[in-house]
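Student: sequence and predicted model, in that order:
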Protein chains: 2
Amino acid sequence: MLKDVEGVLIDLDGTIFNGDELIPGAIQAISYIRSLNKKIMFLSNRGNYSREMCFEKLTRLGVEVLYEEIILSSTVTAMYLQEYYPKCSVWTLGDVGLKEELEGSGVKLASAPEEADFLVITLHENLSYYELNRAFQAVQHGARILATNSDKTFPNENGKSIDVAGMIGAIEAATGKRTELVFGKPSHFMVEAALRQLALNANQCMIIGDSLGSDIEMGKMHGMKTLLVLSGNTSRKQLEFILESNNPDYVCDSINEIINEKMEVQQ
Amino acid sequence: MLKDVEGVLIDLDGTIFNGDELIPGAIQAISYIRSLNKKIMFLSNRGNYSREMCFEKLTRLGVEVLYEEIILSSTVTAMYLQEYYPKCSVWTLGDVGLKEELEGSGVKLASAPEEADFLVITLHENLSYYELNRAFQAVQHGARILATNSDKTFPNENGKSIDVAGMIGAIEAATGKRTELVFGKPSHFMVEAALRQLALNANQCMIIGDSLGSDIEMGKMHGMKTLLVLSGNTSRKQLEFILESNNPDYVCDSINEIINEKMEVQQ
């Protein structure tokens, strides 16, 4: 399965871990991929983490990883702003990781919401009314809306929790303005950033992830091989209802089955 | 102007007070209306207050008011649930006043979000991610969505703040479900509750409020006289852009001008 593959893009939430629990066999699967001399990029829609935070989490969970092997939607948002709007100032609605990632990339943070050119929205697990209202003020005063990702839910120990779609919905509904760009998977921004870092073309890569709507769709659109794992967002039951054209190339219960190539080939 | 009027429906936010500041002359205007032996109902879209809290606030600000003269969107929500779903259990996303009003009317509150038949959303000025996620869980587990009102902003000392539309937007965007009923003005629920309490017909009443979209629209639809005050949500500039059919009957800068009948009659 990995014979013609030079690089493997691996999702994190639901593929490597759920919340703070490592998916059994994930470490061994990554070691196996490395032993075949394939390049790896970890690609997550999490925009509320910085790469530093993500690196620490993976290391703490025992996953062998380099800082350079991580791309988050916060990373890609920062790259975009840095490239196209180097002089802009940004207000954020989201956990501190987004701010860290923006600042680390040299993006200027506004000192007050009224001064911001852009509002960047991400998951905010410490959301308060005060902060929601500050973000609302930014848009009221002219800030354009960007979002790291638009996931509706994320998996954790207790099932599914409300994700950034909730924060976006709050701001859009109250301001009547729309989000202009969403950077996370399945956007081309994530693919481009990953391929540039890997120095590979899409057809040399495979993507492994738990989400049909982001991981698999993105892989298929760009001509990558796709492997769906059923350890996160997608259940086997849901697979029955998808269109043939959206089928992943391979399906398995979790990433650890890559070692024995216990994949099901999809038609 | 008040000659043929038996009852006066008076909005609160932007008409009697802005935040904690009384609008100058509001007390005298209310005394004047009472001196003409007109009945009064205070009608507010606030769903995060209970009548008790509202009564205390008005009394603290020096406004002469009876408990029975107050109807809030939380009141009407409670009446509806009590009448049509007397056995249902309810989860709330909003400030404590909503819970107080529901419980005070005998509506059963669910002990966990998973058990709720309905989620009632109102403004939550103490919103946290935890509570947003609990409300999300209620809908994920089958609760139907109701909202006390759907205002986008409310006026306060610092301009406009994000209102219940933000909370609704968050839940709708993340769950893909829609709010089934909105109880606040301009819904018929508010009108009916007020007229029942006043024991009057709509054509015997005048409504005084600061919002074209809720107060004036509701009054006109039901055949009441309408007086728009410019002390809150609506500026004189906005008046230029409204359709003739939506014109209030009278316009004045603030409610205190009712004493000298310094109204402008609209065409």
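Tutor: That came through, no problem. Predicted model, so just to flag it, every value in this text is computed and none were measured.
Student: residues from chain A in reach of chain B?
Tutor: For chain A, the contact set with chain B under CB under 8 Å from any CB of the partner chain comprises A:124-129, A:132-133, A:136, A:140, A:152-153, A:160-163, A:165-176. In short, each C-beta sits where N, CA and C put it, glycine included.
Student: which of these count as buried?
Tutor: The neighbour-count test (16 or more other CB atoms under 10 Å in any protein chain shown) applied to the residues of chain A next to chain B identifies A:124-125, A:127, A:129, A:132-133, A:136, A:140, A:152-153, A:160-163, A:165-175 as buried.
Student: now, the residues of chain A next to chain B that are in strands?
Tutor: A:153, A:160-162 (DSSP state E).
Student: right, and the pair among the residues you listed with maximum separation?
Tutor: Farthest pair in those (CB to CB) is A:K160 and A:I162. Separation: 8.1 Å.
Student: and for those two, which residues touch both?
Tutor: Listed as contacting both A:K160 and A:I162 by CB atoms under 8 Å, 6 or more residues apart in numbering or on different chains are A:T153.
Student: the stretch 101-250 of chain A: strands as residue ranges?
Tutor: A:108-109, A:118-121, A:144-147, A:153-156, A:159-162, A:179-182, A:205-209, A:225-229, A:250-252 (DSSP state E, counting those that start in this stretch).
Student: in TSV: these, plus mean pLDDT.
Tutor: Shown next, in TSV, are the strands of the stretch 101-250 of chain A (pLDDT from 0 to 100):
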stretch	mean pLDDT
strand A:108-109	98
strand A:118-121	98
strand A:144-147	98
strand A:153-156	79
strand A:159-162	89
strand A:179-182	97
strand A:205-209	98
strand A:225-229	96
strand A:250-252	94
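Student: single out the most deeply packed of those.
Tutor: Of these, the one with the most neighbours on average (mean count of other CB atoms under 10 Å in any protein chain shown) is strand A:118-121, at a mean of 29.
Student: what's that one in contact with?
Tutor: Residues from elsewhere that reach strand A:118-121 (CB under 8 Å, 6+ apart): A:47, A:77, A:81, A:85, A:88-94, A:98, A:102, A:113, A:135, A:138-139, A:143-148, A:164, A:167-168, A:171, A:179.
Student: buried ones among the residues you listed?
Tutor: For those, a burial check counting by 16+ other CB under 10 Å picks out A:47, A:77, A:81, A:88-94, A:98, A:102, A:113, A:135, A:138-139, A:143-148, A:164, A:167-168, A:171, A:179.
Student: mind checking which of the residues you listed land in helices?
Tutor: The helices, defined by DSSP state H, take in A:77, A:81, A:98, A:102, A:135, A:138-139, A:164, A:167-168, A:171 from the buried ones among the contacts of strand A:118-121.
Student: in a markdown table, list the residues you listed along with pLDDT.
Tutor: Supplementary listing: those in a markdown table, determined by pLDDT from 0 to 100:
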| residue | pLDDT |
| --- | --- |
| A:T77 | 98 |
| A:L81 | 97 |
| A:L98 | 98 |
| A:L102 | 98 |
| A:A135 | 98 |
| A:A138 | 98 |
| A:V139 | 98 |
| A:V164 | 96 |
| A:M167 | 98 |
| A:I168 | 98 |
| A:I171 | 98 |
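Student: let me know the closest of the residues you listed to A:D249.
Tutor: Closest approach to A:D249 among these (CB to CB): A:V164, at 28.5 Å.
Student: contacting residues around that closest one?
Tutor: Going by CB under 8 Å, 6+ apart, A:V164 touches A:47-48, A:94, A:121-124, A:147-151.
Student: go with 7 Å
Tutor: For A:V164, the contact set (CB atoms under 7 Å, 6 or more residues apart in numbering or on different chains) comprises A:47, A:121-123, A:147-151.
Student: same question, A:M53
Tutor: By CB under 7 Å, 6+ apart, the residues touching A:M53 are A:G97.
Student: what helix or strand is it on?
Tutor: Assigned by DSSP states H and E, A:M53 falls within helix A:51-60.
Student: so which elements touch the very next helix or strand once past that helix?
Tutor: Going down the chain from helix A:51-60, the next helix or strand is strand A:70-72, by DSSP H and E. Secondary-structure packing of strand A:70-72 (3 or more CB pairs under 7 Å, 6 or more residues apart in numbering or on different chains; DSSP states H and E): strand A:39-44, helix A:51-60, helix A:188-198.
Student: most tightly surrounded among those?
Tutor: The highest mean neighbour count among those, using mean count of other CB under 10 Å, belongs to strand A:39-44: a mean of 23.
Student: helices and strands around it, which ones?
Tutor: If you count contacts as 3+ CB pairs under 7 Å, 6+ apart, strand A:39-44 packs onto strand A:7-10, helix A:26-35, strand A:70-72, helix A:188-198.
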